[in-house]
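> only geometry, no sequence info:
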């Protein structure tokens, strides 16, 4: 029996989940990020206990295959945006299809059904969130950021950024650096 677990995104999570299954007396055949295959079935009491214990750890037991697939899609998108080396020079769509063993059209359609937004919109949101962090916390210029996140050009990145945030990347960075500077100088002024 396949069980899907939301928010199971690291090897540490796998260990914790495995321990919870052992405590509940549920034998595991196979475990991977987001999915546990158990031998046989669970009693209602075992299921209730497992759900309660997983919830306390910030994990959610799911059965709906489509929702479970969407959680995997979201997890892989977030991982690929954070670590572009996972892409190995491939496009997001090709890499996602390879990682999840489904064609991209199926992944995209399923994502849209469950999330009521397109997979591409979600990817763009995550990429723009990453761009914001890189603009504020790294010493990278727009060319380096666009290359790192596999934008076709700086202009494409800038246009997408402005469409999502309403600001150009340069304006966003300036407003935030001015805000930090003003907070810093305000703190020293109030200290007198």
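Sure, I can see it. The shown structure was predicted, so the numbers you read here are calculated from the model rather than taken from an experiment.

> list the contacts of the residue nearest in space to the middle of the chain.
For the chain, the residue nearest the mean C-alpha position is residue 78 (3.0 Å; C-alpha atoms, centre = their mean). By C-beta atoms under 8 Å, 6 or more residues apart in numbering, the contact list for residue 78 reads residue 126. (Each C-beta comes from the backbone N, C-alpha and C, glycine too.)

> buried residues in stretch 32-39?
33, 34, 35, 36, 38 (16 or more other C-beta atoms under 10 Å).

> and stretch 72-89, by the same measure?
Quick answer for stretch 72-89 (16+ other C-beta under 10 Å): 72, 73, 74, 75, 76, 77, 78, 80, 81, 84, 87.

> for residue 94, which non-adjacent residue is spatially closest?
Nearest residue to residue 94 in three dimensions, chain neighbours excluded: residue 104, at 7.5 Å (C-beta to C-beta, 6 or more residues apart in numbering).

> residue contacts, that neighbour?
Residues counted as contacts of residue 104 (C-beta under 8 Å, 6+ apart) are 93, 94, 96, 97.

> check residue 53 too.
20, 23, 24.

> of those residues - the most surrounded one?
Within those, most neighbours by other C-beta atoms under 10 Å means residue 20, with 21 neighbours.

> confirm for me that that residue is in contact with residue 56.
No - Residue 20 is beyond contact range of residue 56, at 9.4 Å (criterion: C-beta atoms under 8 Å).

> can you give me the strands for the chain?
2-6, 28-32, 35-38, 60-62 (DSSP state E).

> out of those strands, which one sits most buried?
Across the strands of the chain, averaging neighbours per residue (mean count of other C-beta atoms under 10 Å) puts strand 2-6 on top, at a mean of 19.

> and that strand with strand 28-32, angle?
40 degrees (axes from the mean of the first three to the mean of the last three C-alpha atoms, to 10 degrees).

> give me the mean pLDDT for stretch 107-122.
Mean per-residue pLDDT for stretch 107-122: 90.

> quick check: domain ranges of the chain?
According to automatic domain parsing, the chain comprises the domains 2-63, 65-116, 123-192.

> for those, which has the smallest mean pLDDT value?
domain 123-192 (a mean of 81).

> so what's the gap between it and the chain middle?
Distance of domain 123-192 from its chain centroid, counting by C-alpha atoms, centre = their mean, to the nearest Å, is 20 Å.

> could you measure residue 13 against residue 139, distance?
According to C-beta to C-beta, to the nearest Å, residue 13 stands 32 Å off from residue 139.

> more neighbours, those two?
More crowded of residue 13 and residue 139, by other C-beta under 10 Å: residue 13, with 18 against 6.
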